[in-house]
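>>> How does the following fold in three dimensions:
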Amino acid sequence: MKSESGLRVLCVGTDVGVATTSVKWNEDYNVKDYDWIFLDYYSLDKKVGDSTISEVFNSIVEPGQSDLFRAVATDSKVVVLLPERGSISKDNHYNLAISDHFPNDLVLIEESGQSLNQDSVPQEWKWYFDSQFNWKMYIGRKADTYKYGDEEFVYDHQRLAANTAKEFLACKVLFHQIIETFGHRQDKTERLPGEISYIPVIKNWNPEELIKEILDEFTDLDTRIKTKNSPEWVDEKSLPREDETVSELGELREQKKEIEQKIKQKNKELQEFDRYKALLWGNENLLEQLVPEIFSEFGFEVEGEQPHGRDGMIYLENKRLVLEITGTTGGISDDKCRQLSAWVDDLQIEDQEHNYTGLLVVNPDRRTEPSDRNPGGYLPPHLREFLEKRDFHVLLTPALYDLLGKYRSNELEYEEIREILTGDDLIL
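Below you'll find the predicted structure:
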């Protein structure tokens with residue numbers, strides 16, 4: 001069966017009437033080309049109980065890690081209904097380890113309590129994680145990488161529910177491709193479009209009801225009447241006002257979809273605004289990406305970070321500003337000043353046709369609110385003299401944040417910012 005919306009749904013381990021395909025754990029299946037994939041380990045665990053899989057089924061078809069990863073890479077949503085133990089007895093000698101089936105690290109850990117922190121649950125999941133919660137496990141997690149062919153991907157866990165000890169009770173795993181690695185820092189592309197969600201089956205819910213509700217909440221698939229017990233011709237019958245209600249429901253779903261898209265877009269815009277606030281609190285890794293972007297927005301020609309080299313360069317008409325970018329919990333260090341001087345000296349030797357100078361972009365005392373900082377207190381006298389002799393400048397990132405605000409509100413233009421960067425003051 002294929003839904004009117006064109007959505008394709010695969011259910012493994014539970015027969016759900018609204019699914020395009022429902023298979024048992026001992027039947028062959030392929031995750032390719034499904035928009036939603038539900039893997040019901042909860043029901044498998046309940047059927048096995050204190051027995052073993054071999055006593056219940058002749059065999060079991062396990063999902064392949066690479067198959068699930070390819071599904072995520074092509075925008076599939078994988079939902080795993082979790083059992084209440086990390087492995088299920090397969091025979092007298094071997095266990096079925098749930099963690100082996102996925103391209104991310106997964107550990108289920110039993111806990112003595114069953115607490116749920118309601119504040120940890122995002123709005124879109126509050127219909128499920130409520131006062132009836134009673135799952136006795138939590139999910140051990142760590143950020144790691146998954147290699148597919150010659151490409152490497154890093155994944156992280158997004159909380160859907162947590163206990164009072166901040167341990168995850170449900171989560172979503174998102175993947176990003178790694179494009180370059182420098183030391184402990186990894187440059188990533190935007191995340192893959194799909195995801196894997198790990199959801200416990202809690203009190204007063206069964207897997208079939210939960211799957212239908214997830215599809216109702218997060219898709220436009222109509223699960224209203226199509227159940228596993230109703231024949232196809234039932235859909236052609238209707239009572240007075242039923243067709244009108246179905247039409248109204250369709251219109252509401254379309255409105256909901258449009259609103260959700262607008263909410264998604266506004267959230268994306270807010271995240272982008274929030275990213276720039278790293279100028280007020282961010283560390284070196286965050287600032288090295290952000291600062292060249294901002295100067296480009298101002299209208300400057302900017303060269304980005306060079307691998308194992310300078311953090312960037314701004315091209316002006318009569319000189320070039322070599323960037324050293326950092327964020328620190330204290331003051332400005334000798335090492336950063338010496339490093340900046342070394343970048344400038346190397347460039348002057350390589351290219352004597354242009355004038356090079358240094359611009360130290362720094363976020364000092366970054367854990368303190370900017371209004372409580374002392375802008376002139378981060379350079380000891382010997383560093384101040386060192387930088388002044390070389391005609392270098394220091395730009396504090398909270399000041400850059402203010403410049404960005406004024407530029408976006410049309411209070412400053414490119415020429416005025418250029419004059420600030422080429423002024424006589426040591427600290428701009």
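>>> residue ranges for the helices of the stretch 151-300 of the chain, please.
Along the stretch 151-300 of the chain, counting by DSSP state H, counting those that start in this stretch, helices occupy 207-218, 242-276, 278-281, 284-298.
>>> mind putting those in TSV, mean pLDDT included?
Below are the helices of the stretch 151-300 of the chain laid out as TSV (pLDDT from 0 to 100):
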stretch	mean pLDDT
helix 207-218	89
helix 242-276	82
helix 278-281	89
helix 284-298	89
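>>> Would you mind giving these as CSV with distance to S54 and mean neighbour count added?
For glycine as for every other residue, the C-beta is placed from the backbone atoms N, C-alpha and C. Formatted as CSV, the helices of the stretch 151-300 of the chain follow (distance: least, CB to CB, whole Å; neighbours: other CB atoms under 10 Å):
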stretch, distance to S54, mean neighbour count
helix 207-218, 23, 18
helix 242-276, 45, 11
helix 278-281, 54, 19
helix 284-298, 50, 19
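>>> nearest to Y29, of these?
Minimum separation from Y29 across the helices of the stretch 151-300 of the chain (CB to CB) falls at helix 207-218, 15.5 Å.
>>> Tell me which residue lies farthest from the centre of this protein.
The C-alpha centroid of the chain is most remote from P240, which lies 47.2 Å away (CA atoms, centre = their mean).
>>> That residue and W36: what is the separation?
34 Å (CB to CB, to the nearest Å).
>>> and if you look at Q265?
In terms of CB to CB, Q265 sits 23 Å off from W36.
>>> Tell me which residues touch the residue farthest from the centre of the chain, please.
Contacts for P240 (CB atoms under 8 Å, 6 or more residues apart in numbering) come out as none.
>>> Would you mind giving me the confidence score for it?
You'll see P240 listed with a pLDDT of 85.
>>> how near is it to Q65?
Separation of P240 from Q65 (CB to CB) stands at 52 Å.
>>> same thing with L428?
52 Å.
>>> Could you list the low-confidence segments of this protein?
Counting by pLDDT under 70, the chain has low-confidence residues at 1-6, 112-114, 180-188, 221-235.
>>> centroid residue for it?
Note: the chain centre (CA atoms, centre = their mean) maps to L174, 5.6 Å.
>>> For that residue, which non-adjacent residue is spatially closest?
Distances taken as CB to CB, 6 or more residues apart in numbering place R191 nearest to L174, at 5.0 Å, with adjacent residues excluded.
>>> and E110, backbone torsions?
phi -80, psi 140 (degrees, to the nearest 10).
>>> if I look at it, how far off is Y138?
Distance of E110 to Y138, given as CB to CB: 8 Å.
>>> Look at the two and report which has more neighbours.
When E110 and Y138 are compared for neighbours, Y138 comes out ahead with 25 against 10, by other CB atoms under 10 Å.
>>> Report whether the more buried one is found in a strand, as I expect.
Yes: applying DSSP: H, G, I helix; E, B strand; the rest coil, one finds Y138 inside a strand.
>>> ok, and the closest non-adjacent residue to T329?
Here the residue nearest T329, using CB to CB, 6+ apart, is R367, at 5.6 Å.
>>> Just give the number of residues close to that neighbour.
By other CB under 10 Å, neighbour count at R367 equals 9.
>>> my read: P380 touches G330, true?
No: P380 is beyond contact range of G330, at 11.3 Å (criterion: CB atoms under 8 Å).
>>> Domain-wise, how is the chain divided?
9-218, 241-276, 278-421 (automatic domain parsing).
>>> start to end distance for the first one?
So that's domain 9-218. 13 Å (CA to CA, to the nearest Å).
>>> Okay then, goodbye and thanks.
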